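**Q** The amino acid sequence is not available; the structure is as follows:
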């Protein structure tokens, strides 16, 4: 995992987030998502510099996860994780509290 993924993983495994079972580097068909909560059907992706050249691939992967698996996907940049971890966690908490479709 990248340093940003490690930082988020620490938060997902502690405090109120620990009540949700997250997996890291979880395989979903032909894709690997950074973090996944099966009960909430939530995938979380942390996009670093390498994702700048992969915007089309990432968009297609998100579309597939939404349409084929009915998963919600949250994407955050490394910078957001480093500089605004509480805002990132707030968005994850909000997604976890939303009812499933």
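**A** Everything's here; your move. Note that this is a predicted model, so its numbers are computed, not measured.
**Q** For residue 74, name its beta-bridge partners.
**A** Counting by DSSP bridges, residue 74 is bridged to residue 44.
**Q** residue contacts, it?
**A** 42, 43, 44, 45, 91, 92, 95 (CB atoms under 8 Å, 6 or more residues apart in numbering). Bear in mind the C-beta positions are built from the backbone N, C-alpha and C, glycine included.
**Q** of those, buried ones?
**A** 42, 43, 44, 45, 92, 95 (16 or more other CB atoms under 10 Å).
**Q** who touches the lengthiest helix in the chain?
**A** Ranked by number of residues, the top helix in the chain under DSSP state H is helix 55-69. Contact with helix 55-69 is made by 28-29, 31, 33, 41, 43, 45, 47, 51, 71-73, 75, as judged by CB under 8 Å, 6+ apart.
**Q** okay but residue 100 is in contact with residue 37, surely?
**A** No - using CB atoms under 8 Å, residue 100 is not in contact with residue 37; the gap is 11.2 Å.
**Q** who has more neighbours, those two?
**A** Set residue 100 next to residue 37 and count neighbours by other CB atoms under 10 Å: residue 37 wins out with 21 against 9.
**Q** what's that one sitting at in phi/psi?
**A** Residue 37 adopts backbone torsions of phi -120, psi 110, taken as degrees, to the nearest 10.
**Q** can you tell me which residues contact it?
**A** Contacts of residue 37 (CB under 8 Å, 6+ apart): 20, 21, 22, 23, 96.
**Q** go with 10 Å
**A** 12, 17, 20-23, 26, 43-44, 71-72, 92, 95-96 (CB atoms under 10 Å, 6 or more residues apart in numbering).
**Q** now the residues you listed: which count as buried?
**A** Among the contacts of residue 37, those classed as buried by 16+ other CB under 10 Å are 12, 17, 20, 22, 26, 43, 44, 71, 72, 92, 95, 96.
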